[in-house]
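S.K.: Have a look; sequence and predicted model below, questions after that.
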Amino acid sequence: MNLKATMQKLEEMRFTGFVRAYREITETGHGKEFTVDELITHLVEAEWDDRYNRRLQRLISRARFRYRASFEEIDFSARRNLDKNQLLRFTSCDWITKSQNIIIVGSTGVGKSFLASALGHQACQNGLKVAYYNCSKLFDQLKIAKADGSYIKEMKKIEKQNLLILDDFGLKPLDSHQRLMLLEMFEDRHGRKSTIITSQLPVDKWHDVIGDPTIADAVLDRLVHSSHRLELKGDSMRKKYKNN
């Protein structure tokens, strides 16, 4: 048996975790401590962990989160009207498999974007595809896509995401093109995929932002009735951590 050739074949098949674990065992001389069954189990688990970590990093990189946030970093000590039990239930990502949405509202600096990023990161850990967008930048991007002919491709990309995060919705009113884009997004995702929206404005003010009453009713009907709502309160978290 040519072990070197076998290792090379495993590397060509991208069994990098398996190969690394085997080399560590042979170099340290710990191989004698394993039975055959234990050795196989150890190598397979090493390969599984390696593939999981590589996929997780790809998902996180493609999501383009505003913050590299996690649930462990959420500050529950601050009085922000956060229900810890509710957030912990979100970690299973059942709300995504059920095609539900989350609306996070609150004043600037209270932690909406960080919380949305943490929820998105958790989705990636569960192997789900996530895309984060700042609302204003997304509409600008889609406007350019309309001009260069890539609009359908961009919308298909958004539609395929298990979780879409739209951050800072409502900073300025939507024009006629933007409100139609928003409606198309939610029409594509309604009952099939999940969305997180963060906004400084309460939901009852979103009609004014969207503009057209008919389109506003259609958008909110597809979003609000299947949503969990988080209404954050309190002082700016940026000020708190700056002072610390």
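M.R.: Perfect, I can see it now.

S.K.: Flag every buried residue along the longest helix seen in the chain.
M.R.: For the chain, the helix with the greatest residue count under DSSP state H is helix 36-63. Going by neighbour count (16 or more other CB atoms under 10 Å), the buried part of helix 36-63 is L39, H42, L43, A46, E47, D50, L59, I60, A63. The way it works is simple: take the backbone N, C-alpha and C, and place the C-beta from them, glycine included.

S.K.: now stretch 98-118
M.R.: 101-106, 109-118.

S.K.: Just checking, which helix or strand of this protein averages the lowest pLDDT?
M.R.: The weakest-scoring helix or strand in the chain, judged by mean pLDDT, DSSP states H and E, is helix 237-243 (a mean of 54).

S.K.: moving C-terminal of the longest helix of the chain, what's the next helix or strand?
M.R.: Past helix 36-63, further along toward the C-terminus, the next helix or strand under DSSP states H and E is helix 84-90.

S.K.: State the mean pLDDT of that next one.
M.R.: Averaged across helix 84-90, the pLDDT comes to 90.

S.K.: helices or strands next to the longest helix of the chain in the packing?
M.R.: Packed against helix 36-63, as judged by 3 or more CB pairs under 8 Å, 6 or more residues apart in numbering; DSSP states H and E, are the following elements: helix 16-28, helix 112-125, strand 130-134.

S.K.: Output the ones you listed in TSV; the columns should cover distance to E72 and mean pLDDT.
M.R.: Formatted as TSV, these follow (distance: least, CB to CB, whole Å; pLDDT from 0 to 100):
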stretch	distance to E72	mean pLDDT
helix 16-28	25	81
helix 112-125	9	94
strand 130-134	18	96
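
S.K.: Take these and write them to JSON lines, including distance to Q141.
M.R.: JSON lines is the format used below for those (distance: least, CB to CB, whole Å):
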{"stretch": "helix 16-28", "distance to Q141": "35"}
{"stretch": "helix 112-125", "distance to Q141": "18"}
{"stretch": "strand 130-134", "distance to Q141": "8"}
